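**Student:** what shape does this take:
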Amino acid sequence: MRQLLALPLVALLSLAACAEPPPPVVPQAPAPALPPLPPPSPPPTNTAPAPPPVEKPALPPEYADVVIRVEKVAGTVYMLEGKGGNIGVSVGDDGVVLVDDQFAPLAPKIQEALKGITDKPVRVLLNTHWHGDHTGGNAAIGAGGATIVAHDNVRARMAAGAPGIEFGGKLQPATPPAPKEALPIITFHDKVSVHLNGEEIRAIHLESGHTDGDAVIYFTKSGVVHMGDDFVTYGWPFVDVSSGGSVRGLIAALDKIAADLPADTKVIPGHGKLSSIDDMKKIAAKLHDAWNLVEAQVKKKKTLDQVKEQKPLAKYEEMTKGFISADAFVTTIFNEITADASKKPAAKAAPKKK
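**Tutor:** Numbering: from 1, shown residues only. From the prediction side, this is the model:
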């Protein structure tokens with residue numbers, strides 16, 4: 001570098017002139033335009049068609065419009081009305097104690113009604129007797145973990161089924177044996193107690209009333225009794241003679257319960273509106289009178305047709321609003337009285353004097 005700086009200006013210009021000129025700049029064609037980017041792909045979706053919604057099986061027409069009505073009774077106890085026997089419900093910290101469960105197709109509606117009261121599970125299910133309008137939901141309630149409890153004869157009759165019978169002037173179809181899941185797994189002969197929700201809940205057997213497996217359920221602290229079909233408010237009661245029931249036993253049951261329980265006890269009937277002990281006594285008085293009126297005709301050696309012609313129960317027109325007519329109830333009483341008479345041993349003839 002120092003040597004170049006020492007050269008005269010003329011020499012530097014000569015060197016610059018002798019240097020090769022830079023190559024010419026060749027213009028380049030513009031780069032082709034890139035194609036536009038495709039739009040972003042949508043997120044992957046499941047192209048398989050959505051499964052159809054699961055539809056609940058349609059209820060038979062006679063149950064489709066049934067509404068389960070809930071009524072607070074007293075203490076821990078509620079009453080549910082729908083189609084079939086009234087349901088008793090005890091609700092508390094321990095769970096639910098259920099008394100009866102109507103017909104099988106109504107089980108989902110009953111379970112939904114219970115959810116409106118509590119989120120607790122059904123721990124115990126007590127059956128007042130074996131008829132399907134009180135035990136039809138057993139299998140569904142039992143599948144939820146409830147322990148089913150009833151009298152010995154309830155399990156026996158449910159397991160066996162029954163032939164068709166006629167009552168109220170109509171032929172009722174045969175009852176098939178109940179499935180294993182619907183049968184009570186704990187049975188009793190006289191009485192049994194369930195200790196839940198802070199009270200003793202007693203199931204007490206009543207001999208030969210509506211049937212031979214009847215039990216009333218007494219909620220001792222709440223002051224409520226569920227009478228099953230030994231007490232109904234629709235009119236003359238149905239006494240299932242083919243299942244071991246009797247009018248005399250049903251009357252005795254009403255008398256006993258009305259005498260044993262406090263006068264302010266709330267009464268859940270098997271069918272009908274919430275009642276009182278006084279209401280039960282009034283029905284019992286009518287049944288006593290009906291028995292006596294028919295018995296008076298029997299003592300006059302009247303036939304059944306002759307007794308019906310006399311219309312001994314005509315003064316109780318309000319009792320004919322249910323499905324048991326006055327003639328049907330007269331027939332039940334007449335048959336029971338005459339059957340009892342035929343069972344009595346014949347009087348021995350006086351010994352002849354020698």
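**Student:** C-alpha only now, for contacts and for neighbours.
**Tutor:** OK.
**Student:** report pLDDT for Gly164.
**Tutor:** You'll see Gly164 listed with a pLDDT of 88.
**Student:** OK, contacts around the closest residue to it other than its chain neighbours?
**Tutor:** The shortest distance from Gly164 to any non-neighbouring residue, by C-alpha to C-alpha, 6 or more residues apart in numbering, is to Ala174 (3.8 Å). By C-alpha atoms under 8 Å, 6 or more residues apart in numbering, the residues touching Ala174 are Gly161, Ala162, Pro163, Gly164, Ile165.
**Student:** quick check: the gap between Ala174 and Ser193.
**Tutor:** Distance from Ala174 to Ser193, counting by C-alpha to C-alpha, to the nearest Å: 33 Å.
**Student:** ok, Gly84 next?
**Tutor:** 25 Å.
**Student:** and these two? which has more neighbours close in?
**Tutor:** Gly84 (20 against 14; other C-alpha atoms under 10 Å).
**Student:** which ones are touching the more buried one?
**Tutor:** If you count contacts by C-alpha under 8 Å, 6+ apart, Gly84 has them with Gln102, Phe103, Asp133, His134, His271.
**Student:** just the pLDDT for it.
**Tutor:** With respect to pLDDT, Gly84 has a value of 96.
**Student:** my guess is His129 contacts Gly209. True?
**Tutor:** No - counting by C-alpha atoms under 8 Å, His129 stays clear of Gly209, with 10.4 Å between them.
**Student:** would you map the strands across the stretch 151-300 of the chain?
**Tutor:** 165-167, 170-172, 186-188, 191-196, 199-206, 214-219, 224-226, 266-268, 275-276 (DSSP state E, counting those that start in this stretch).
**Student:** tell me what the shortest one is packed against?
**Tutor:** Translated: strand 275-276. Packing contacts for strand 275-276, counted by 3 or more C-alpha pairs under 8 Å, 6 or more residues apart in numbering; DSSP states H and E, involve strand 266-268.
**Student:** each with direction, which strands does the strand it packs on pair with?
**Tutor:** Paired neighbours of strand 266-268 in the sheet (DSSP bridges): strand 224-226 (parallel), strand 275-276 (antiparallel).
**Student:** turn the ones you listed into CSV, including mean pLDDT and mean neighbour count.
**Tutor:** Listed next are the strands paired with strand 266-268 as CSV, based on pLDDT from 0 to 100; neighbours: other C-alpha atoms under 10 Å:
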stretch, mean pLDDT, mean neighbour count
strand 224-226, 98, 26
strand 275-276, 98, 18
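**Student:** identify the bridge partners of the closest residue to His195 other than its chain neighbours.
**Tutor:** Using C-alpha to C-alpha, 6+ apart and skipping residues adjacent in sequence, the residue nearest His195 is Ile201, 6.2 Å away. Listed by DSSP bridges, the beta-bridge partners for Ile201 are Val194, Phe219.
**Student:** show the pLDDT at Ile201.
**Tutor:** So, for Ile201, pLDDT stands at 98.
**Student:** quick check, it in contact with Ser222.
**Tutor:** No - applying C-alpha under 8 Å, one finds Ile201 not in contact with Ser222, separated by 9.4 Å.
**Student:** more crowded one of the two?
**Tutor:** Of the pair Ile201 and Ser222, Ile201 is the one with more neighbours under other C-alpha under 10 Å, namely 22 against 19.
**Student:** so who does that one touch?
**Tutor:** Contacts of Ile201 (C-alpha under 8 Å, 6+ apart): Ser193, Val194, His195, Ile217, Tyr218, Phe219, Thr220.
**Student:** do that again at 10 Å, thanks
**Tutor:** By C-alpha atoms under 10 Å, 6 or more residues apart in numbering, Ile201 lies in contact with 90, 97, 192-195, 217-222, 224-225.
**Student:** mutual contacts of Ile201 and Ser222, please.
**Tutor:** Any residue near both Ile201 and Ser222 by C-alpha under 10 Å, 6+ apart counts here, and that gives Ser90.
**Student:** re earlier: and the furthest pair within the contacts of Ile201?
**Tutor:** Greatest spacing in these, by C-alpha to C-alpha: Val192 and Ser222 (17.6 Å).
**Student:** need the strands of the stretch 151-300 of the chain in a markdown table (columns: distance to Ala156).
**Tutor:** Formatted as a markdown table, those follow (distance: least, C-alpha to C-alpha, whole Å):
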| stretch | distance to Ala156 |
| --- | --- |
| strand 165-167 | 18 |
| strand 170-172 | 20 |
| strand 186-188 | 10 |
| strand 191-196 | 17 |
| strand 199-206 | 15 |
| strand 214-219 | 13 |
| strand 224-226 | 22 |
| strand 266-268 | 26 |
| strand 275-276 | 31 |
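**Student:** and those: which comes nearest His288?
**Tutor:** Across those, His288 has its closest neighbour in strand 199-206 (17.7 Å, C-alpha to C-alpha).
**Student:** and that closest one, what's buried?
**Tutor:** For strand 199-206, the buried set under the neighbour-count rule, 16 or more other C-alpha atoms under 10 Å, comprises Glu199, Glu200, Ile201, Arg202, Ala203, Ile204, His205, Leu206.
**Student:** the last one and Gly322: what is the separation?
**Tutor:** What that stands for is Leu206. Distance, Leu206 to Gly322, by C-alpha to C-alpha: 23 Å.
**Student:** and if you look at the fourth one?
**Tutor:** For Arg202, the distance to Gly322 under the criterion C-alpha to C-alpha works out to 30 Å.
**Student:** try the first one
**Tutor:** Glu199 sits 35 Å away from Gly322, going by C-alpha to C-alpha.
**Student:** sweet, I'm off.
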